[in-house]
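Asks: Output the structure for:
(one chain, ligands or ions: 2)
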Amino acid sequence: MSDKSQPKLKEYISEKKISGRINKLAKKLNKDYKDKNPIFIGILNGSFIFLADLIREINIDCEIDFLKLSSYGDEKISSGNVTLLKDLNCEIENRHIIIVEDIVDSGLSVNFIKKLIEDHNPASLRFATLLFKKDMSKLTFKIDYIGFKIDNKFVVGYGLDFAQKYRNLKAIKVLKTKNQTEN
Ligand code: IMP
Ligand code: MG
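Replies: Ligands and ions are numbered 1, 2, ... in the order given. All right, here's what the predicted structure looks like:
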């Protein structure tokens with residue numbers, strides 16, 4: 001007997017594709033930030049696997065810190081309110097900053113982060129995201145390093161969760177719940 005309330009997972013971006021793309025992004029970052037000793041700032045929790053894989057392909061001097069923002073809770077749609085749950089531990093004034101996100105969806109989180117970081121006068125600020133929902137973003141600025149532009153699907157795995165589940169999956173998968181007929 002099949003349980004219709006069980007979410008279904010369908011592979012969307014394979015492990016191999018992810019690592020190939022990360023190699024390319026890292027090559028560009030190694031070039032762009034040579035002799036700049038940048039600080040990579042991972043946005044918790046979703047970016048932890050992406051950052052871990054990306055940073056191991058970085059061969060220039062660099063530092064790492066983390067920010068944690070409010071999450072979606074157990075919903076798939078953002079509440080629209082972004083708050084800071086964990087601040088930085090490092091000084092970012094006059095430093096080159098690269099924000100590392102798992103996914104840019106509405107763009108509310110990165111808008112919030114941009115303002116937060118700019119208030120501390122970094123030497124430069126750029127954004128890297130593994131995934132970018134191309135039809136959703138209300139962004140007014142450009143994301144500098146994008147892994148994959150994706151359709152408006154709710155995805156999990158490789159650090160991304162639904163209600164804190166599925167972060168451990170090696171590939172990125174589309175999550176369909178019982179009320180969904182498409183996506
Ligand atoms: P935004 O503020 O709407 O751009 O959402 C950004 C954050 O929401 C991301 O950093 C993720 O943590 C979460 N998020 C957005 N879309 C998805 C998704 O498809 N799967 C899992 N998390 C998501
Ligand atoms: Mg996130």
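
Asks: Parallel or antiparallel, list what pairs with the lowest-mean-pLDDT helix or strand in the chain.
Replies: The least trusted helix or strand in the chain, going by mean pLDDT, DSSP states H and E, turns out to be strand 84-86, with a mean of 91. With DSSP bridges as the criterion, the sheet partners recorded for strand 84-86 are strand 63-69 (antiparallel).

Asks: buried set for the strand it pairs with?
Replies: If you call a residue buried by 16 or more other C-beta atoms under 10 Å, then strand 63-69 has these buried ones: 65, 66, 67, 69. Where C-beta positions appear, they are placed from N, C-alpha and C, glycine not excepted.

Asks: sorry, back to before: what about the least confident helix or strand of the chain and ligand 2, any contact?
Replies: No. With C-beta under 5 Å from the ion as the criterion, ligand 2 is not reached by strand 84-86; the gap is at least 11.3 Å.

Asks: Show me the contact partners of that strand.
Replies: By C-beta atoms under 8 Å, 6 or more residues apart in numbering, the surrounding residues in contact with strand 84-86 are 44, 66, 67, 68, 69, 70, 116.

Asks: go again using 7 Å as the cut-off
Replies: By C-beta atoms under 7 Å, 6 or more residues apart in numbering, the list of residues contacting strand 84-86 from outside reads 44, 66, 67, 68, 69, 70.

Asks: Also stretch 98-113?
Replies: For stretch 98-113, the surrounding residues in contact (C-beta under 7 Å, 6+ apart) are 38, 40-43, 46-47, 50-51, 54, 67, 69, 78, 80, 82, 126-133, 136-139, 143, 159-160.

Asks: on that earlier part again, could you point out the helix or strand that follows the least confident helix or strand of the chain?
Replies: Scanning the chain past strand 84-86 towards its C-terminal end, the next helix or strand to appear is strand 96-104 (assignment: DSSP states H and E).

Asks: circling back to that earlier point, out of the buried residues of strand 63-69, which comes closest to ligand 2?
Replies: For the buried residues of strand 63-69, the minimum distance to ligand 2 (C-beta to the ion) is 6.8 Å, reached by residue 69.

Asks: element containing residue 52?
Replies: When secondary structure is defined by DSSP H and E, residue 52 falls within helix 48-55.

Asks: err, residue 17, not the other one
Replies: For residue 17, the enclosing helix or strand under DSSP H and E is helix 15-32.
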